[in-house]
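Enquirer: Everything below, folded, please.
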Amino acid sequence: MRGWDSHAIVADMSVAARLPRRKKAPDPADLLAWYDRHRRVMPWRARKGQRTDPYSVWLSEIMLQQTTVKTVGPYFEKFLTRWPDVQALAAASLDDVLRAWAGLGYYARARNLHACARAVAERHGGVFPNDMEALRALPGIGDYTAAAVGSIAFDAPAVPVDGNVERVVTRLFAVEEALPAAKPVIKQLATSLLPPARSGDFAQALMDLGATICSPKKPACALCPWSEVCVAHATGRQEEFPHKVAKREGKLRRGAAFVALRADVTVLLRQRPEKGLLGSMTEVPGSDWSHDFDVADALDAAPRFRAKAKWRKLPGVVTHVFTHFPLELTVFAAHLPRGTAAPKGARWAPLDTAHDEALPNVMRKVLAHALKK
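Expert: Numbers count the residues shown, from 1 in each chain. Next up, the predicted model:
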């Protein structure tokens, strides 16, 4: 068996030497036996005996990045119904993909998803490659996604290391080094546990163990198939791992958003630039978001109409937290007569179908804020 004691494929032996010793190595067979009894049923996961669909694995893995299983489920079903294979997704327009993605967040994923589908269609005839290097060469596929698709769809000998797997491994081996610096060590240790077969099941078993048993708080160690060989459990320190370096909170940015409503029940929208945050998504017009935004100057950024709009500053602010910074938006609203022309670069959209637009969550909050006042 390839395990901890042999350090079969752990590249840095000095790392292994610094980790606590144990009497017995973790046996992948124990985890796979647990997985066979307790595997989660999810819409993208092949049932026992079924053939794994690489498209479903890839689509779900892209959606699951920074997003919970509960949130992803309905989006996955919607995408699969509308675009049942990678060729169909490649033939779709980016606007349609962004609309379907709206609300799922981290919108660069949607743009990369579309680009990757087109690359698979153009370079590989609509069939996902089973070669790890070829997978990594596709847009939006890094080491993690390549390992996930490679192992789960093609049983390649790889371990995708997500947050759940990091937690399991750092506890199993009592990895004292803090994240993110510990990531290479965790990857080596996870790979050292790979069984000679069933790589895909092993990868999913690690994910399930972290999601259902080895939870961040109050892990159910009594139900864990590896509890007897877990160093953190043996020392009563399981909730201490993984160690993490505290993240620096980004500096608050502020800005203004302008909700223009026309008498024919339409709202003014525009498309954000292709590059940058929320690229190509739909928004209501607004100012730049900056640390030194002054609400007294906000109307300088308001959209211009032929007839002067009477902007009303709404009470309160809309708050939203991006990965790197929190945001506060002051919302202004104006009502304009039927027939008012949209400024250059903007358009009027029916308010009752605005939910079908490619609006990111922050813009959905802005509209909800304006419509309840």
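Enquirer: who's the residue nearest to K365 when sequence neighbours are not counted bridged to?
Expert: Using CB to CB, 6 or more residues apart in numbering and skipping residues adjacent in sequence, the residue nearest K365 is V318, 4.8 Å away. C-beta: built from backbone N, CA, C; applies to glycine. Taking DSSP bridges as the rule, V318 bridges to L329.
Enquirer: Could you report the separation of V318 from S192?
Expert: Noted for V318: a distance of 48 Å to S192, by CB to CB, to the nearest Å.
Enquirer: I'd say L113 and I62 touch.
Expert: Yes - if you go by CB atoms under 8 Å, L113 and I62 touch, sitting 5.3 Å apart.
Enquirer: which residues do the two both contact?
Expert: G140 (CB atoms under 8 Å, 6 or more residues apart in numbering).
Enquirer: returning to what we had before: just the pLDDT for the residue nearest to K365.
Expert: In this model, V318 is scored at 97, pLDDT.
Enquirer: what do you get for F241?
Expert: At F241, the pLDDT recorded in the model is 96.
Enquirer: Distance of it relative to F173?
Expert: For F241 relative to F173 (CB to CB), the value is 9 Å.
Enquirer: swap in L268?
Expert: Distance from L268 to F173, by CB to CB: 56 Å.
Enquirer: Neighbour count: those two, which is higher?
Expert: F173 (26 against 23; other CB atoms under 10 Å).
Enquirer: Would you mind measuring the gap between the ends of stretch 343-359?
Expert: With CA to CA, to the nearest Å as the measure, stretch 343-359 spans 19 Å from end to end.
Enquirer: ditto for stretch 90-108
Expert: Terminal-residue distance, stretch 90-108 (CA to CA): 16 Å.
Enquirer: can you list contacts of it?
Expert: 63, 65-67, 71-72, 75, 78-79, 82-83, 89, 109-111, 113-114, 117-118, 120-122, 126, 278-282, 323, 356-361, 364.
Enquirer: tell me the mean pLDDT over it?
Expert: Mean predicted confidence for stretch 90-108 is 92.
Enquirer: That one: which residues count as buried?
Expert: For stretch 90-108, the neighbour count (16 or more other CB atoms under 10 Å) marks 90, 92, 94, 97-102, 104-107 as buried.
Enquirer: same deal with stretch 228-244?
Expert: V229, C230, V231, A232, H233, Q238, F241, P242.
Enquirer: Report all helices and strands that the helix or strand hosting Y144 contacts.
Expert: Taking DSSP states H and E as the definition, one finds Y144 inside helix 143-154. Contacts defined by 3 or more CB pairs under 8 Å, 6 or more residues apart in numbering; DSSP states H and E place helix 143-154 against helix 54-64, helix 132-136, helix 199-212.
Enquirer: Could you give me the buried positions within it?
Expert: In helix 143-154, counting by 16+ other CB under 10 Å, buried: Y144, T145, A146, A147, A148, V149, G150, S151, I152, A153, F154.
Enquirer: what about that helix, distance to the chain center?
Expert: Here helix 143-154 is found 16 Å from its chain centre; the criterion is CA atoms, centre = their mean, to the nearest Å.
Enquirer: Let me know the angle separating that helix from helix 54-64.
Expert: Per axes from the mean of the first three to the mean of the last three CA atoms, to 10 degrees, the angle that helix 143-154 makes with helix 54-64 is 150 degrees.
Enquirer: Specify the angle between whichever strand or helix holds L98 and helix 54-64 in degrees.
Expert: Using DSSP H and E, L98 sits within helix 94-101. Compare the direction of helix 94-101 with that of helix 54-64 by the same axes, to 10 degrees and you get 70 degrees.
Enquirer: Which helix or strand lies directly C-terminal to helix 94-101?
Expert: Counting by DSSP H and E, the element after helix 94-101 in chain order, helix or strand, is helix 108-124.
Enquirer: Now do that next one and helix 94-101, the angle between them.
Expert: With the same axes, to 10 degrees defining the directions, helix 108-124 sits at 130 degrees from helix 94-101.
Enquirer: what comes up buried for helix 108-124?
Expert: For helix 108-124, burial by neighbour count (16+ other CB under 10 Å) applies to 109-121.
Enquirer: Tell me how many other residues surround G49.
Expert: Look at G49: counted by other CB under 10 Å, it has 5 neighbours.
Enquirer: what's the answer for D288, then?
Expert: D288: 10 surrounding residues under other CB under 10 Å.
Enquirer: likewise the one 4 residues further on?
Expert: Burial of D292, expressed as a neighbour count using other CB under 10 Å, amounts to 6.
Enquirer: One more: T52?
Expert: Close neighbours of T52, defined as other CB under 10 Å, add up to 15.
Enquirer: follow-up on the earlier one: just the closest of the buried residues of stretch 90-108 to V185, please.
Expert: Y106 (26.7 Å; CB to CB).
Enquirer: where's R39 relative to V168, distance?
Expert: Note on R39: its distance to V168, by CB to CB, is 16 Å.
Enquirer: and these two? which has more neighbours close in?
Expert: V168 (31 against 17).
Enquirer: any idea which helix or strand comes after the helix or strand where the more buried one lies?
Expert: According to DSSP H and E, V168 maps onto helix 163-173. Moving toward the C-terminus from helix 163-173, the next helix or strand (DSSP H and E) is helix 183-192.
Enquirer: which one is the residue lying farthest from the centre of the chain nearest to, not counting chain neighbours?
Expert: The centre of the chain is farthest from one residue, A307, which by CA atoms, centre = their mean lies 43.3 Å away. For A307, ignoring the flanking residues on the chain, the nearest one in space by CB to CB, 6+ apart is T340 at 6.8 Å.
Enquirer: Ok, V41 next?
Expert: Using CB to CB, 6+ apart, the nearest residue to V41 is R47, at 7.5 Å.
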